[in-house]
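J.: A predicted structure for the sequence below; I have some questions about it.
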Amino acid sequence: MNPNLTVIDHPLLQHKLTYVRSADTTTDNFRRLVREIASMMVYEATRELSTELIEITTPVASCRAPVISGKKLCLVSILRAGNGMLDGMIELLPGARVGHIGLYRDPATLQPVEYYFKVPEDIEERQVIVIDPMLATGNSACAALSRLKEEGVSSLSFVCLLAAPEGLAALAAAHPDVPVMTAAVDSHLNEHGYIVPGLGDAGDRLFGTK
Ligand SMILES: O=P(O)(O)OC[C@H]1O[C@H](OP(=O)(O)OP(=O)(O)O)[C@H](O)[C@@H]1O
Ligand SMILES: O=c1cc[nH]c(=O)[nH]1
Ligand SMILES: [Mg+2]
């Protein structure tokens, strides 16, 4: 097992994930559930943030209490489907900056095609959490992480809802320095590169485009 991999198997999250997977779930419920799961995943994704003690006064006494310190955060959403997770995460991280990488997967080659890239100017100084619900072949995630490293980012993690073993292996080979968090590791990819059992096409289900 990849030492960089964390599977978040909290029962509440797993319950919601079951309904995300179900083909009977409507677009509005799918969107809401993805947002809710992403909020829960923030706790694991930010577990290693450093803190420092500051002096405060409660109504009862003065004390030293922890606040987040160190590098500032940036969430980077891989379009389109990453935006389904972004809203849930930003609710708990209102001060975080946000970048977007537009990638679509060519259905014939399963290679990612970049069509948009916009990140904060000071991204190399930030701790970056890349988000995309699906890690299938891993080609999109690997390309996004490489692109961010080209921009000088050194502190990176990747958060998804579902991962295929093939994608996890690709990510571990190309970016062994990047911690990966997922809500589940599924069985395999089918002949079209879709995760089995998966949840279908995350972008289409989030935005109702099919
Ligand atoms: O690991 P991979 O094999 O690269 O597949 C995963 C990618 O496929 C999906 O995006 P898609 O290309 O469908 O774009 P969309 O978000 O615009 O629907 C998904 O959101 C990932 O970005
Ligand atoms: O199963 C998959 C694989 C790639 N992209 C998706 O949206 N779903
Ligand atoms: Mg899609």
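T.: It's in. Numbering: from 1, shown residues only. Ligands and ions are numbered 1, 2, ... in the order given.
J.: Show the pLDDT at the residue in the chain that ligand 1 sits nearest to.
T.: Across the chain, the shortest distance to ligand 1 (C-beta to the nearest ligand atom) belongs to residue 203, at 2.2 Å. Where C-beta positions appear, they are placed from N, C-alpha and C, glycine not excepted. Confidence per residue is given as pLDDT, and for residue 203 that number is 97.
J.: Now do the longest helix seen in the chain: which elements does it pack against?
T.: Longest helix in the chain by number of residues, with DSSP state H as the criterion: helix 27-45. Packing partners of helix 27-45 (3 or more C-beta pairs under 8 Å, 6 or more residues apart in numbering; DSSP states H and E): helix 11-21, helix 82-92, strand 155-159, strand 180-182, helix 202-207.
J.: My guess is the residue of the chain closest to ligand 1 contacts residue 132. True?
T.: No: shown here, residue 203 and residue 132 do not form a contact pair, counting by C-beta atoms under 8 Å, at 9.8 Å.
J.: Mind listing what's buried along the longest helix of the chain?
T.: By neighbour count on 16 or more other C-beta atoms under 10 Å, the buried set for helix 27-45 is 30-42, 44-45.
J.: Next: stretch 81-101.
T.: When burial is assessed from 16+ other C-beta under 10 Å, stretch 81-101 yields the following buried residues: 81-86, 88-90, 93, 96-101.
J.: Repeat that for stretch 11-29.
T.: Using 16+ other C-beta under 10 Å as the test for burial, stretch 11-29 gives 13, 16, 17, 20, 21, 25.
J.: How about stretch 65-76?
T.: Buried residues in stretch 65-76, defined by neighbour count with 16+ other C-beta under 10 Å: 73, 74, 75, 76.
J.: and that stretch, is it in reach of ligand 1?
T.: No: with C-beta under 6 Å from any ligand atom as the criterion, ligand 1 is not reached by stretch 65-76; the gap is at least 12.1 Å.
J.: What's the end-to-end length of that stretch?
T.: In terms of C-alpha to C-alpha, to the nearest Å, the two terminal residues of stretch 65-76 are separated by 30 Å.
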